[in-house]
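Enquirer: give the three-dimensional model of this entry:
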Amino acid sequence: AAAKNPAIASAQTLLFLILHGSDEHKSKVQDEAEQLLQSAKRKTCTTTMPMSAIRQSCYETLRLTSHSIGALRKVKEEVVLGSGTSQEYKLCQNQVVAVSHIVPSLDQQMWGKDADKYKPSREEWTKVEAKPDEYKFSTFSQGHHRCPGQGIALQIMELTLSILLVHYDVTLEQNKEAVPDVCFERATIAQRKGKVPVCIRIR
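Expert: From the prediction side, this is the model:
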């Protein structure tokens, strides 16, 4: 997973950008990609600013492709979820619970009515004070089980995306409407339900 997920997420980030990114956002990402690679070439700092357009794209893609089942947790003591509601559910001590990361990512109460839409300009990614906690944005899990490689995974995504944008022309070989939907059946960052043919040319 440590090797697969950043690679899958990088490809998904580029695809979401191609399919749903606005011209303005694409232009910002392109400019930042060139700056990032120049920085890497000079062997200076290669991390982007926390609220950069590239990082916004990465975070929004990770939100929309979070694992369907990403965490297993053992119940320490009995607890009732949804207490006082019609959907009350009791968890007993020592039960093992599978936690879905994609569910909170698509929750309209948390992310708004457009929770299922690609929107890298969300205030969660553009305003420091609105940054979501690890339960609202749970792609990297929570607490003691939180992914220790989050920082390097983001850097891999940003650098991979930058290399593809700066050194290659990547175009779809099919209409945007024909691109397969995201699929959550695999135990990785969500992939696509089918192949996405692309043409990659060196610039």
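Enquirer: mind listing what's buried along stretch 92-110?
Expert: V99, S100, H101, I102, P104, S105 (16 or more other C-beta atoms under 10 Å). No exception for glycine: its C-beta is placed from N, CA and C like everyone else's.
Enquirer: ditto for stretch 137-156
Expert: So for stretch 137-156, counting by 16+ other C-beta under 10 Å, buried means F137, S138, T139, F140, S141, Q142, C147, A153, L154, Q155, I156.
Enquirer: could you do stretch 54-72 as well?
Expert: 54-68, 70-71.
Enquirer: tell me which element the residue nearest to the spatial centre of the chain is part of?
Expert: Central residue of the chain (C-alpha atoms, centre = their mean): L62, 0.6 Å from the mean position. Using DSSP states H and E, L62 sits within helix 53-64.
Enquirer: may I ask which helix or strand of this protein has the lowest mean pLDDT?
Expert: strand 71-74 (a mean of 83; mean pLDDT, DSSP states H and E).
Enquirer: how about stretch 167-185: buried residues?
Expert: For stretch 167-185, the neighbour count (16+ other C-beta under 10 Å) marks V179, V182, F184 as buried.
Enquirer: out of those residues, which sit inside helices?
Expert: Among the buried residues of stretch 167-185, no member falls in helices (criterion: DSSP state H).
Enquirer: TSV for the residues you listed, including distance to C92 and pLDDT?
Expert: Converted to TSV, these look like this (distance: C-beta to C-beta, whole Å; pLDDT from 0 to 100):
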residue	distance to C92	pLDDT
V179	44	96
V182	34	95
F184	28	91
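Enquirer: ok, so of those residues, who is nearest H25?
Expert: V179 (18.5 Å; C-beta to C-beta).
Enquirer: packing partners of the helix holding L62?
Expert: For helix 53-64, the contact count by 3 or more C-beta pairs under 8 Å, 6 or more residues apart in numbering; DSSP states H and E identifies helix 4-20, helix 23-41, helix 123-126, helix 150-167 as packing neighbours.
Enquirer: list the helices and strands the second one packs on?
Expert: This points to helix 23-41. Helices and strands touching helix 23-41, by 3+ C-beta pairs under 8 Å, 6+ apart, are helix 4-20, helix 53-64, helix 150-167.
Enquirer: how about that helix, which residues are buried there?
Expert: Buried residues in helix 23-41 (16+ other C-beta under 10 Å): H25, K28, V29, Q30, E32, A33, L36, L37.
Enquirer: residues in contact with the residue lying closest to the second one once chain neighbours are set aside?
Expert: It refers to K28. Spatially, and ignoring its direct neighbours in sequence, K28 is nearest to A53 (3.8 Å; C-beta to C-beta, 6 or more residues apart in numbering). For A53, the contact set (C-beta atoms under 8 Å, 6 or more residues apart in numbering) comprises H25, K28, V29, E32, P120.
Enquirer: how near is L64 to P197?
Expert: With distances taken as C-beta to C-beta, to the nearest Å, L64 is found 22 Å from P197.
Enquirer: likewise L164?
Expert: 16 Å.
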